[in-house]
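K.L.:
show me how the following folds:
(one chain, ligands or ions: 1)
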Amino acid sequence: MTHFMLKEIHEQPDVIRELLDRSISIAFEKVDHINILACGTSLHAGLIGQFLFEQVAKIPTQVRSSSESRFAPLLETSNTLTISITQSGETADTIAALKTVQSKQIAITNGIDSTITKLVDQTIYTNAGEEKSVAATKTFTAQLVILYQLAFELAQKQLTELRLIPQQIEAILRNNTIAEIAKTLENTRDLIVIGSGINTAIALEGALKLKEATYTHAEGYAAGEFLHGPIALLDSQIPTIAIGNVGKTLDRIRANQTPVIEIPTPAIPELFSPFLTVIPLQLLAYELAILRKIDVDRPRNITKSLTT
Ligand code: M6R
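P.N.:
The predicted model follows:
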């Protein structure tokens, strides 16, 4: 494949398969509160983690951007578990945030022997292989696998539903018509992405992929929240990407003559849908970047890892 981003998107089924063949367990008992620290795409994985820890394991969970935690450190109880999520393991903001934490700490990282692994009580590797494209793709879905595994372990529930995910991703990649959709967006400057529930984080992640890979001003919103002001932005020049069933918000958006691109609800329980809803958004960011002749693996102004 011509670009690392596309190659890494296509590696996701195998990365997930291998992670599912590995069992993980955490070395801490009596966790009554979870804090998550991360940046960028890893922060979006953290939002999905929050959803799972609260809704599946019933453990109150806070998520904070590592850079913001300097101004508002997360509160800790005596049984708090802090999880830092970082593809590289070298992100300066996440390392600085972690150094102020008193509670037990886990790092979820792809960076073998990276700085963060030296600072935490336990490291869980995403084992995704090196990710060369600046835009994180396979490391994001690998982070998700681990967060699902942790949440189900804390809930003392079996996790079998992810077994079919790799082949379902392969089907999406095989029947990929995203290049056609990308053509309709070639001259689009502004774009909205909406989702709800667990897919709100995927709306944020899709918008981030589109921003960094295609330089489109893309904003992600929770579908219900979008009605409380941002909907005033819409006109026929601002397409909306709707992830899954976003209910009445979609009717309100259509009433504005706004072009709508729907990412269908996958035929699996919604709780597990992020693995499938994120793929078309990753592909769209890739295809649109190629159409715009952007150096997709090395977009302007950013580096793979922000170490200062
Ligand atoms: O290595 P990290 O996961 O800590 O990096 C965090 C962000 O800098 C990173 O996710 C960034 O947002 C990516 N370029 C997103 O594709």
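
K.L.:
where does the stretch 1-150 of the chain come near the ligand, residue by residue?
P.N.:
Applying C-beta under 6 Å from any ligand atom, one finds that the stretch 1-150 of the chain approaches the ligand through 39-42, 86-88, 91, 94, 134-136. For glycine as for every other residue, the C-beta is placed from the backbone atoms N, C-alpha and C.

K.L.:
try it again at 8 Å.
P.N.:
Residues of the stretch 1-150 of the chain lying close to the ligand by C-beta under 8 Å from any ligand atom are 38-43, 66, 85-91, 94, 109-111, 134-137, 139-140.

K.L.:
what's the ChimeraX syntax to select whichever of those residues are buried?
P.N.:
In ChimeraX, this line selects whichever of these come out buried by 16 or more other C-beta atoms under 10 Å:
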select :38,39,40,41,42,43,66,85,86,87,88,89,90,91,94,109,110,111,134,135,136,137,139,140
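
K.L.:
what's the nearest residue to the residue of the chain found nearest the ligand if we skip its chain neighbours?
P.N.:
At 2.1 Å from the ligand, G40 is the closest residue in the chain, using C-beta to the nearest ligand atom. Nearest non-adjacent residue to G40, counting by C-beta to C-beta, 6 or more residues apart in numbering: L208, 6.7 Å away.

K.L.:
element containing the one you found?
P.N.:
Secondary structure from DSSP states H and E places L208 in helix 200-214.

K.L.:
elements contacting that helix?
P.N.:
Other helices and strands packing on helix 200-214, by 3 or more C-beta pairs under 8 Å, 6 or more residues apart in numbering; DSSP states H and E, are helix 40-55, strand 190-195, strand 217-222, strand 240-243, helix 274-291.

K.L.:
S23: which of those is closest?
P.N.:
S23 sits nearest to helix 40-55 of all those, at 17.7 Å, using C-beta to C-beta.

K.L.:
let's see the closest one as CSV, backbone CA atoms only.
P.N.:
Below are the C-alpha coordinates for helix 40-55, written out as CSV (Å, rounded to 0.1, in the frame of the first residue of the first chain):
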residue,chain,number,x,y,z
GLY,A,40,-5.7,13.6,21.3
THR,A,41,-6.8,10.3,19.9
SER,A,42,-5.8,8.6,23.1
LEU,A,43,-8.1,11.0,25.0
HIS,A,44,-11.0,9.8,22.7
ALA,A,45,-10.2,6.2,23.6
GLY,A,46,-10.3,7.4,27.2
LEU,A,47,-13.8,8.8,26.8
ILE,A,48,-14.9,5.4,25.5
GLY,A,49,-13.1,3.9,28.6
GLN,A,50,-15.1,6.2,30.8
PHE,A,51,-18.3,5.1,29.2
LEU,A,52,-17.4,1.4,29.8
PHE,A,53,-16.1,1.7,33.3
GLU,A,54,-19.2,3.6,34.3
GLN,A,55,-21.9,1.8,32.3
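
K.L.:
ok, the nearest residue to E186 once chain neighbours are set aside - contacts?
P.N.:
Spatial nearest neighbour of E186, excluding adjacent residues (C-beta to C-beta, 6+ apart): L291 at 5.3 Å. Counting by C-beta atoms under 8 Å, 6 or more residues apart in numbering, L291 makes contact with 182-183, 186.
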